[in-house]
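[1] This is a predicted model, with the sequence first.
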Amino acid sequence: MNELFTIVQHFHPQGTVTDIRPLGTGLINDTFRVTTAEPGAPDYVLQRINHHIFCDVDGLQRNIEAVTNHIRRKLEAGGAEDIDRKVLRFLPADGGKTYWHDGESYWRLSLFISRAQTFDSVAPYYSYNAGQAFGRFESMLVDLPGSLTETIPGFHDMELRLRQLREAVRTDAAGRVKEVGRYLDEIEQRADGMCLAERLYREGSLPKRICHCDTKVNNVLFDEEGGALCVIDLDTVMPSFVFSDYGDFLRTAANTAAEDEQDLGRIGFDWDVFCAFTQGYLDSARAFLLPVEIENLPYAVALFPYMQCVRFLTDYLNGDTYYKTAYPGHNLVRTAAQFRLLQLVEERQEKMRAFISANV
């Protein structure tokens, strides 16, 4: 732990650092809370960036700097109070960049936002506030100048994910293709429709926006009353379709079971969470959304369980080389669970369209 104290000093924090201990349960980066002694000095969040997943750390941090600086200027121009609780602030390290490379790992330091909380599951109230937060996040970045790095190339590209699946079928590295014919048939029957976003983009009718691309409810900080303070975990912020932020949130938040639930009868789609999140999202994003984006939001809700089904099945066929598995067949269980969620979403498409049309 002593080396962490040394790393923090490269960022020249205010106050005397007295304690550094793990913070949260993130799966990608290692995160620590840095505590200072003096009453007026802030605490900090130290993170080791997973450069095996985010290979271009310099581009990643430039993205984050561009986004947080732009949002901060918007908040300042609007006369917002307590801005350091509404947007992340990263400290420059020796050399001026917002990360430090110790020769092996990459580190960054940001202000710790006090009196804030996160949630791992959602009720409709928090879903509405999360929808507002992610819609507002996108809205504030509509006029971001310049371009951002694609931190994970092809992350939400459905055509790419299908090509990867078809290659996994062709090579059949683990000899499992014969087991999964039903899922392959179901996926291929939907493939053309699920690649709608890429086609609309090539036609010039669907834009890419600056999106968060990892819209889990625990990536929003809430205040003591449950109001949304700010969006966090910005590593995946990059150009994408708004479908990414809208659809992926509902894939996890509206699912009444875990994404690897073995009892498919326990999987449900929480309509109240859908309505609350959609209302919050539209309330903060409708000013910039195009009709083509709004009318295809139900498609986005189906797209993400479909995409995750494809990704889990691809990994199963490849011999479980990407996702961590807890037991044999884990990725096939995940595939089945995501496919069941997809079916439930498909059954509600018309109802979703009616709700969205009534609330635009």
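    Noted; the coordinates are in hand. Numbering: from 1, shown residues only.
[2] okay, CA-based contacts and neighbour counts for the rest of this
    Fine.
[3] any chance you could map the strands in this protein?
    17-22, 30-36, 44-49, 100-101, 106-111, 209-211, 220-222, 228-231, 238-240 (DSSP state E).
[4] Just tell me which of the ones you listed ends up closest to Ala258.
    Ala258 lies closest, by Cα to Cα, to one member of these: strand 220-222, at 19.9 Å.
[5] and the closest one, what does it pack onto?
    With contacts defined as 3 or more Cα pairs under 8 Å, 6 or more residues apart in numbering; DSSP states H and E, the packing partners of strand 220-222 are strand 228-231.
[6] for the strand it packs on, packing partners?
    Using 3+ Cα pairs under 8 Å, 6+ apart: strand 228-231 touches helix 124-140, strand 220-222.
[7] Which stretch among the ones you listed approaches Phe5 most closely?
    The minimum distance between Phe5 and the helices and strands packed on strand 228-231 falls on strand 220-222, with 26.1 Å, by Cα to Cα.
[8] For stretch 334-353, list every residue counted as buried.
    Using 16 or more other Cα atoms under 10 Å as the test for burial, stretch 334-353 gives 334-342, 344-346, 349, 352-353.
[9] List the contacts of that stretch.
    Applying Cα atoms under 8 Å, 6 or more residues apart in numbering, the contact partners of stretch 334-353 are 255, 259-262, 264, 267-269, 295, 298-299, 301-302, 305-306, 308-310, 312-313.
[10] Filter these down to just the ones in helices.
    Counted as lying in helices by DSSP state H, out of the contacts of stretch 334-353, are Glu295, Pro298, Tyr299, Val301, Ala302, Pro305, Tyr306, Gln308, Cys309, Val310, Phe312, Leu313.
[11] residue contacts, the residue nearest to Leu141 when sequence neighbours are not counted?
    For Leu141, ignoring the flanking residues on the chain, the nearest one in space by Cα to Cα, 6 or more residues apart in numbering is Ile210 at 6.3 Å. If a contact means Cα under 8 Å, 6+ apart, then Ile210 has Glu138, Leu141, Val142, Val237, Met238, Pro239, Ser240 as its contacts.
[12] Surely the first one touches Ala285?
    Yes. Contact between Glu138 and Ala285 holds when scored by Cα atoms under 8 Å: they sit 7.3 Å apart.
[13] can you tell me the distance between the two ends of stretch 39-51?
    Its first and final residues considered, stretch 39-51 spans 35 Å by Cα to Cα, to the nearest Å.
[14] picking that back up, from the contacts of Ile210, which is closest to Ser205?
    Ser240 (14.0 Å).
[15] tell me the contacts of the closest one?
    Ser240 makes contact with His156, Lys208, Arg209, Ile210, Cys211, Cys213, according to Cα under 8 Å, 6+ apart.
[16] Between those residues, which sits nearest Val169?
    His156 (20.4 Å).
[17] what about that closest one, neighbour count?
    Taking other Cα atoms under 10 Å as the criterion, the count of residues near His156 is 19.
[18] Skip the chain neighbours and tell me the closest residue to it.
    Using Cα to Cα, 6+ apart and skipping the chain neighbours, the partner closest in space to His156 is Ser244 (7.0 Å).
[19] The closest residue to Met158 other than its chain neighbours: neighbouring residues, count only.
    Computed as Cα to Cα, 6+ apart, the closest residue to Met158 that is not its neighbour in sequence is Cys195, at 5.8 Å. Cys195 sits with 16 neighbouring residues when counted by other Cα under 10 Å.
[20] Show me where the protein has its helices.
    2-9, 57-77, 124-140, 158-171, 181-194, 196-203, 242-253, 271-285, 291-295, 297-317, 330-347, 349-359.
[21] surely Leu160 meets Gly154?
    Yes. Using Cα under 8 Å, Leu160 is in contact with Gly154, at 6.7 Å.
[22] which sections of the stretch 1-150 of the chain are below the confidence cut-off?
    Within the stretch 1-150 of the chain, the stretches falling below the threshold (pLDDT under 70) are 1, 25-28.
[23] for the stretch 251-360 of the chain, that is, sorry about that
    For the stretch 251-360 of the chain (pLDDT under 70), the answer is none.
[24] repeat that with 90
    Across the stretch 251-360 of the chain, the ranges flagged by pLDDT under 90 are 322-324, 360.
[25] Can you report how many residues lie near the closest residue to Glu76 other than its chain neighbours?
    Nearest non-adjacent residue to Glu76, counting by Cα to Cα, 6+ apart: Ile83, 7.6 Å away. Residues within reach of Ile83, counting by other Cα under 10 Å, total 17.
[26] Then Leu264?
    16.
[27] From Thr321, how far off is the closest residue to it other than its chain neighbours?
    Leaving aside its sequence neighbours, Leu264 sits nearest to Ala337 (Cα to Cα, 6+ apart; 6.3 Å). Taking Cα to Cα as the measure, Ala337 and Thr321 are separated by 20 Å.
[28] next one: Ala228
    Counting by Cα to Cα - Ala228 and Thr321 are separated by 37 Å.
[29] Excluding sequence neighbours, find me the nearest residue to the residue of the chain most remote from its centre.
    In the chain, Glu38 marks the outermost C-alpha relative to the chain mean, sitting 35.0 Å out by Cα atoms, centre = their mean. The shortest distance from Glu38 to any residue other than its chain neighbours is 5.9 Å, reached at Gly15 (Cα to Cα, 6+ apart).
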